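Chemist: Let's see this in three dimensions:
(chains A and B)
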2 protein chains.
Amino acid sequence: MSLVVIGTLAYDTIETVHDRREDVLGGSATHFAVAASHLVAPRLVAVVGTDFRSEHMQALEARGVDVAGVEVAQGATFRWSGRYEADWNKRHTLDTQLNVYEHFDPKLPEAYRDSAYVFLANASPSVQMRGLSQVEAPAFVVADTMNLWIETARDDLGELLRRVDAIVMNDEEARMLSGERNLIRAARRVLEMGPRYVVVKKGEHGAFVMGPDVHFSVPSYPVEDVVDPTGAGDSFAGGFMGFLALEGDHGPANLRRAMLHGTVTASFCVQGFGIAPLADAKEADLAARTDDLLCIVTV
Amino acid sequence: MSLVVIGTLAYDTIETVHDRREDVLGGSATHFAVAASHLVAPRLVAVVGTDFRSEHMQALEARGVDVAGVEVAQGATFRWSGRYEADWNKRHTLDTQLNVYEHFDPKLPEAYRDSAYVFLANASPSVQMRGLSQVEAPAFVVADTMNLWIETARDDLGELLRRVDAIVMNDEEARMLSGERNLIRAARRVLEMGPRYVVVKKGEHGAFVMGPDVHFSVPSYPVEDVVDPTGAGDSFAGGFMGFLALEGDHGPANLRRAMLHGTVTASFCVQGFGIAPLADAKEADLAARTDDLLCIVTV
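Modeler: Modelled structure (predicted):
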């Protein structure tokens, strides 16, 4: 079934303890779409500046991503700069230049309005809701969020949480939103805020999904050569949603399988900068890691 | 089959952000034996002082623990004092009084020498090896260790690692011993040092076992009301080894099942101070959590 993502295309400057890269193609929607493109042809809604390089748009199209919803606005593309410590869980944002994204008002092409599966990548909850309201009859809506909106747009976020089927967040965001340190309590508290499901991402420690009919936990795929974790969370979401959309099934049994696919997808993302490692992965590579992961979790 | 543990009986003084308790019955062998006692009748080798309370010895015996190997020496019992931060993974040792444990020289009663399964709880590697050498033909030997021995007794630890079948350690110890930050690399490096299997415990993030014929990862059991994590690692080891000994099978399939039992056992330990929560757990409680955990990990 159809899948639409509303998010960012960006140029990232990334420092790790081993390397530094400038103007790497990134952004939530980029990583999500490339991940999902292994399973379906995702529809992309985003804004870029006039500096966005045509080869990057072509790279997305080459992956089967529908870029009809990408608006080109006067100005520069969103830029983010960050630094990771040796402990990959510790990330410092060095600079954020919203540029054309500052006035982003998502406009879904007519052809996108019948989308069944919807991913609202991290954005202000009001932008996320404006995007969502243009989808006629979504089957399953998942939103991401971040600490900024938890702190500054709590009411809007509350409204968003009542309108989505699932929220994906990392462990610290779940703790911040719920006010609970214990992650299980935190997840239960988030569920009380409205969504049917919550997916908590724990970086190298894996992820879990919780809802009225499912509680499933999966470890991260054992990657020995992490190069850059930027986009891992969005790649996870892309693999997760791509699998649900491919199957046209968001029942509890399929949510479990989708968690595996998200985990495997994210494992490729972290093995290089930008979209290359995931875009270059073959279906056989993904299938082999899915088999590996199944073996690692099967009692 | 028979199971012997060589370790400590201790009195702990524990501070958490919620509470403080003095002279709680603790120690590695205590937690291990109580955990294993749900499955087999573990044999216990340890030393206590003349201040060790008879009701505590009776509590162990009431659990079916064989205390013939507990030596009573002139002096005071080993005492440990520690404080936990709100993040349970952060523990500070406030005081350690070795007392009679300072000169602990494990002496296995004649009847223990035929033990099949052997757990060498955290101690100096030379003490661990002196204990091990008294077991005639062990089927499966597992050792624990800590940062102190990695730093101060590296050669002895290396020799120990070549004499055991498996080592259990927490994530930071695995990193310290291997010099590798990435836990998968760290585990592989530890395996190169000799043991057939390594079990890495990650606290609230679960645990994994790795070896030539198995790689299995399990999340922690979702406990919402952690009271005191002291002894969780030893309780895990007790549930793990108890299950292997009960089945008389340490093949790769049974190691996976034993990881579940260790996880469930540890989940009771953390719900109170001392041995009470685990000693009081009924077999039906353990079975129910094992079923829960199976459901949480099954795709």
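
Chemist: C-alpha only now, for contacts and for neighbours.
Modeler: OK.

Chemist: can you list the residues of chain A near chain B?
Modeler: Neighbours of chain B within chain A, by CA under 8 Å from any CA of the partner chain: A:87, A:181-182, A:184-185, A:205, A:215-219, A:222-224, A:253, A:256-257, A:294-299.

Chemist: Among those, which lie within strands?
Modeler: When these are checked against strands using DSSP state E, the ones located there are A:215-218.

Chemist: still on that earlier bit, inside helices: which ones of the residues of chain A next to chain B?
Modeler: Counted as lying in helices by DSSP state H, out of the residues of chain A next to chain B, are A:184-185, A:253, A:256-257, A:294-297.

Chemist: So of these, which two are at opposite extremes in space?
Modeler: The largest distance within those, taken as CA to CA, falls between A:R185 and A:C295 and amounts to 29.2 Å.

Chemist: Just want to know which of those two has more residues nearby.
Modeler: Set side by side, A:R185 and A:C295 show more neighbours around A:R185, with 19 against 14, by other CA atoms under 10 Å in any protein chain shown.

Chemist: follow-up on the earlier one: the residues of chain A next to chain B, buried ones only, as a PyMOL selection?
Modeler: The buried subset of those, as determined by 16 or more other CA atoms under 10 Å in any protein chain shown, is captured in PyMOL by this line:
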select buried, chain A and resi 181+182+184+185+205+215+216+217+218+219+222+223+256+257+294+296+297+298+299
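
Chemist: Which pLDDT value belongs to A:W88?
Modeler: Residue-level confidence at A:W88 comes out at 89, pLDDT.

Chemist: any idea how far chain B is from the closest residue to it other than its chain neighbours?
Modeler: Spatial nearest neighbour of A:W88, excluding adjacent residues (CA to CA, 6 or more residues apart in numbering or on different chains): A:P229 at 7.2 Å. A:P229 is 13 Å from chain B, where distance means CA to the nearest CA, to the nearest Å.

Chemist: on that earlier part again, let's have the ones in helices among the residues of chain A next to chain B in a markdown table, adding pLDDT.
Modeler: As requested, these are exported to a markdown table (pLDDT from 0 to 100):
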| residue | pLDDT |
| --- | --- |
| A:I184 | 95 |
| A:R185 | 96 |
| A:A253 | 98 |
| A:R256 | 98 |
| A:R257 | 98 |
| A:L294 | 97 |
| A:C295 | 97 |
| A:I296 | 97 |
| A:V297 | 97 |
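
Chemist: Let me know the closest of those to chain B.
Modeler: Sorting these by distance to chain B puts A:I296 at the head of the list, at 4.4 Å, by CA to the nearest CA.

Chemist: so the closest one makes contact with B:D213?
Modeler: No: taking contact to mean CA atoms under 8 Å, the distance of 11.3 Å between A:I296 and B:D213 leaves them out of contact.

Chemist: joint contacts of the two?
Modeler: Between them, A:I296 and B:D213 have no joint contacts when contacts are counted by CA atoms under 8 Å, 6 or more residues apart in numbering or on different chains.

Chemist: can you tell me which residues contact the closest residue to A:P212 other than its chain neighbours?
Modeler: Spatial nearest neighbour of A:P212, chain neighbours left out: A:R196 (7.1 Å); criterion: CA to CA, 6+ apart. Remark: with contacts taken as CA under 8 Å, 6+ apart, A:R196 is in contact with A:164-166, A:211-212.

Chemist: Equivalent analysis for A:M129, please.
Modeler: Shown in contact with A:M129 (CA under 8 Å, 6+ apart): A:L160.

Chemist: If you count neighbours, what's buried in the strand or helix carrying it?
Modeler: Following DSSP states H and E, the helix or strand that holds A:M129 is helix A:125-132. By neighbour count with 16+ other CA under 10 Å, helix A:125-132 contains the buried residues A:125-129, A:131-132.

Chemist: now stretch A:1-15
Modeler: Of the residues in stretch A:1-15, those buried under the neighbour-count criterion (16+ other CA under 10 Å) are A:1-15.

Chemist: Counting only helices, which of the residues you listed make the cut?
Modeler: With helices defined by DSSP H, no entry of those lies inside them.

Chemist: so which of those comes closest to A:A121?
Modeler: A:G7 (4.9 Å).

Chemist: Secondary structure element holding the residue most central in space within chain A?
Modeler: Nearest residue to the geometric centre of chain A (CA atoms, centre = their mean): A:D234, 2.3 Å. Using DSSP H and E, A:D234 maps to helix A:232-247.

Chemist: Put the alpha carbons of that helix into PDB.
Modeler: This file holds the C-alpha atoms of helix A:232-247, laid out as PDB (Å, rounded to 0.1, in the frame of the first residue of the first chain):
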ATOM      1  CA  ALA A 232      19.600   5.600  12.200                       C
ATOM      2  CA  GLY A 233      16.300   6.400  13.800                       C
ATOM      3  CA  ASP A 234      14.700   7.600  10.600                       C
ATOM      4  CA  SER A 235      16.100   4.500   8.800                       C
ATOM      5  CA  PHE A 236      14.600   2.400  11.400                       C
ATOM      6  CA  ALA A 237      11.300   4.100  10.900                       C
ATOM      7  CA  GLY A 238      11.600   3.700   7.100                       C
ATOM      8  CA  GLY A 239      12.200   0.000   7.400                       C
ATOM      9  CA  PHE A 240       9.400  -0.400   9.900                       C
ATOM     10  CA  MET A 241       6.800   1.600   8.000                       C
ATOM     11  CA  GLY A 242       8.000   0.300   4.600                       C
ATOM     12  CA  PHE A 243       7.300  -3.300   5.900                       C
ATOM     13  CA  LEU A 244       3.900  -2.400   7.200                       C
ATOM     14  CA  ALA A 245       3.000  -0.700   3.900                       C
ATOM     15  CA  LEU A 246       4.400  -3.500   1.800                       C
ATOM     16  CA  GLU A 247       2.200  -6.000   3.700                       C
END
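
Chemist: Could you measure from A:L60 over to chain B?
Modeler: A:L60 sits 31 Å away from chain B, taking CA to the nearest CA as the criterion.

Chemist: which residues of the stretch 51-200 of chain A fall in strands?
Modeler: Read by DSSP state E, counting those that start in this stretch, the stretch 51-200 of chain A holds these strands, from start to end of the chain: A:66-73, A:79-84, A:91-97, A:117-120, A:140-144, A:166-170, A:197-201.

Chemist: Tabulate those strands (TSV), appending mean pLDDT.
Modeler: TSV is the format used below for the strands of the stretch 51-200 of chain A (pLDDT from 0 to 100):
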stretch	mean pLDDT
strand A:66-73	98
strand A:79-84	96
strand A:91-97	95
strand A:117-120	98
strand A:140-144	98
strand A:166-170	97
strand A:197-201	98
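
Chemist: Take those and write them to a markdown table, including distance to B:D105.
Modeler: What follows is the strands of the stretch 51-200 of chain A, written out as a markdown table (distance: least, CA to CA, whole Å):
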| stretch | distance to B:D105 |
| --- | --- |
| strand A:66-73 | 72 |
| strand A:79-84 | 47 |
| strand A:91-97 | 48 |
| strand A:117-120 | 63 |
| strand A:140-144 | 57 |
| strand A:166-170 | 48 |
| strand A:197-201 | 47 |
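
Chemist: Let's have these in CSV, adding mean neighbour count.
Modeler: As requested, the strands of the stretch 51-200 of chain A are arranged in CSV below (neighbours: other CA atoms under 10 Å in any protein chain shown):
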stretch, mean neighbour count
strand A:66-73, 18
strand A:79-84, 20
strand A:91-97, 13
strand A:117-120, 26
strand A:140-144, 23
strand A:166-170, 24
strand A:197-201, 25
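
Chemist: Which of the ones you listed sits closest to A:F243?
Modeler: strand A:117-120 (10.5 Å).

Chemist: mind listing what that closest one pairs with, with the direction of each?
Modeler: Using DSSP bridges, the neighbouring strands of strand A:117-120 in the sheet come out as strand A:3-6 (parallel), strand A:140-144 (parallel).

Chemist: Tabulate those strands in TSV, adding columns for distance to A:D105.
Modeler: Compiled in TSV, the strands paired with strand A:117-120 are given as follows (distance: least, CA to CA, whole Å):
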stretch	distance to A:D105
strand A:3-6	10
strand A:140-144	17
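
Chemist: Thank you, goodbye.
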